[in-house]
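J.: I would like the atomic coordinates for the input below:
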Amino acid sequence: MRTKTAFFNRTRFIIGNGEKTRFWEDTWIGEEPLALQYPQLYNIAQRKQTSVAVVLRETPLNIQFRRALIGNRWVRWLHLVRRLMDITLSDCLDSIRWRLTTNGTFSVKSMYDHIIDSSPIPKSMNIWKVKVPLKIKIFMWFVHKGVVLTKDNLAKRIWKGNRRCSFCHTHETIKHLFLDCPMAKLLWRSIQITFNIAPPTSIYMLFGTWLEGVNVIYAKLIRVGTCALLWAIWNCRNGLVFNRQHYINFLQVIFRATALIHMWSLLTPVTTRERLVTGCVRWEMVAQVIFNRYG
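T.: Here you go, the predicted structure:
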């Protein structure tokens, strides 16, 4: 139903005999359906699915309302009637025109481009531009949408297992595992010390406003490192859950993340590859200093 609505919202009907066009809910006069142009009238109309032909072929107009047209409703009704006086039905069939292409013909590409351009969260599209393997992009998208199978999401599927985080004793959620867990906080703190980047405070911020104001080139490199960090946390967590490992320290997570960055650097241009490698070395050195000092 949502797909059908999205399709018809991007079409325009060319009136012939008016039999195949819905009077209120199709776009045929103006740039949007009459239901949106005249919501006060549409809400009290008795037959919302009636066609243009049924309405216009009778005099007076064949529309019944559940309430009297007074005040602003009467004004809007007069405005609509004046517009309808210019409409003439013919013997031809109604036709439909796709509004997103110049020739009026539907194409999947035009609809896809329009949906992407009008998305309320366009910053999430940065996920798909990061130079990392496709499965990592899909994983990051799942994190962003909140559907990664952390224990709280498993519980929503009637899973009866232990809901505690594998690194601590708090209930595991996506935000907790990747941002709020003491392990995650230590990892983000090491990044802050190394690169002077304040850690994100929410998943929305991580995929949205976190890197606003950062140089575009550096932001791309940071996103590669972020993907590596989250994937390393996820894999270490799975090692504790499924492989029955008893303990993982933050150095193991960092070295796993830097190994991924080294491998993924081959997907980036040569000019940026050295920066990724240098960043890994700095991060590892800082992490070792922290570990040696605090254990």
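
J.: for L84, what are its contacts?
T.: If you count contacts by Cβ atoms under 8 Å, 6 or more residues apart in numbering, L84 has them with 29, 55-56, 61. Yep, even glycine has a C-beta here, placed from its N, CA and C like the rest.

J.: one more time with 10 Å, if that's ok
T.: 23, 29, 34, 52, 55-56, 61, 63 (Cβ atoms under 10 Å, 6 or more residues apart in numbering).

J.: Next SSE downstream of the longest helix along the chain?
T.: Counting by DSSP state H, the longest helix found in the chain is helix 216-242. Once helix 216-242 ends, the next helix or strand along the chain (criterion: DSSP states H and E) is helix 250-264.

J.: For that next one, which helices and strands make contact with it?
T.: For helix 250-264, the elements it packs on are helix 182-195, helix 216-242, helix 270-294, judged by 3 or more Cβ pairs under 10 Å, 6 or more residues apart in numbering; DSSP states H and E.

J.: Of all the ones you listed, which one is nearest E172?
T.: helix 216-242 (8.3 Å; Cβ to Cβ).

J.: in the closest one, what's buried?
T.: By neighbour count on 16 or more other Cβ atoms under 10 Å, the buried set for helix 216-242 is 220-234, 236-237.

J.: now stretch 85-100
T.: So stretch 85-100, judged by 16+ other Cβ under 10 Å, has buried residues 94, 96, 98, 100.

J.: One more: stretch 178-195?
T.: 178-181, 183-184, 186-188, 190-191, 194.

J.: pLDDT below threshold where in the stretch 51-200 of the chain?
T.: Across the stretch 51-200 of the chain, the ranges flagged by pLDDT under 70 are 114-125.

J.: Looks like F167 contacts I233 (just checking).
T.: Yes - the criterion here is Cβ atoms under 10 Å, and F167 meets it with I233 at 8.7 Å.

J.: what residues are shared contacts of these two?
T.: With contacts taken as Cβ under 10 Å, 6+ apart, F167 and I233 have 177, 181, 183-184, 248, 250, 253 as neighbours in common.

J.: check contacts around the residue of the chain most remote from its centre.
T.: Here the chain reaches farthest from its C-alpha mean at T59, the gap being 48.4 Å by Cα atoms, centre = their mean. By Cβ under 10 Å, 6+ apart, no residues touch T59.

J.: in a strand, that's where it is, yeah?
T.: No - counting by DSSP: H, G, I helix; E, B strand; the rest coil, one finds T59 to be coil, located in no strand.

J.: Distance check, it against V81.
T.: From T59 across to V81, the span is 12 Å (Cβ to Cβ, to the nearest Å).

J.: ditto for W283
T.: 70 Å.

J.: Equivalent analysis for V55, please.
T.: 11 Å.

J.: More neighbours: these two, which one.
T.: Taking other Cβ atoms under 10 Å, V55 and V81 do not tie; V55 has more neighbours (17 against 12).

J.: quick one: contacts for that one?
T.: For V55, the contacting residues are 18, 23-24, 47, 61-63, 84, 87, by Cβ under 10 Å, 6+ apart.

J.: Would you format those residues as JSON lines with secondary structure and distance to I158 included?
T.: Formatted as JSON lines, these follow (DSSP: H, G, I helix; E, B strand; the rest coil; distance: Cβ to Cβ, whole Å):
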{"residue": "G18", "secondary structure": "coil", "distance to I158": "51"}
{"residue": "F23", "secondary structure": "coil", "distance to I158": "46"}
{"residue": "W24", "secondary structure": "coil", "distance to I158": "43"}
{"residue": "R47", "secondary structure": "coil", "distance to I158": "44"}
{"residue": "L61", "secondary structure": "coil", "distance to I158": "55"}
{"residue": "N62", "secondary structure": "coil", "distance to I158": "53"}
{"residue": "I63", "secondary structure": "coil", "distance to I158": "50"}
{"residue": "L84", "secondary structure": "helix", "distance to I158": "55"}
{"residue": "I87", "secondary structure": "coil", "distance to I158": "56"}
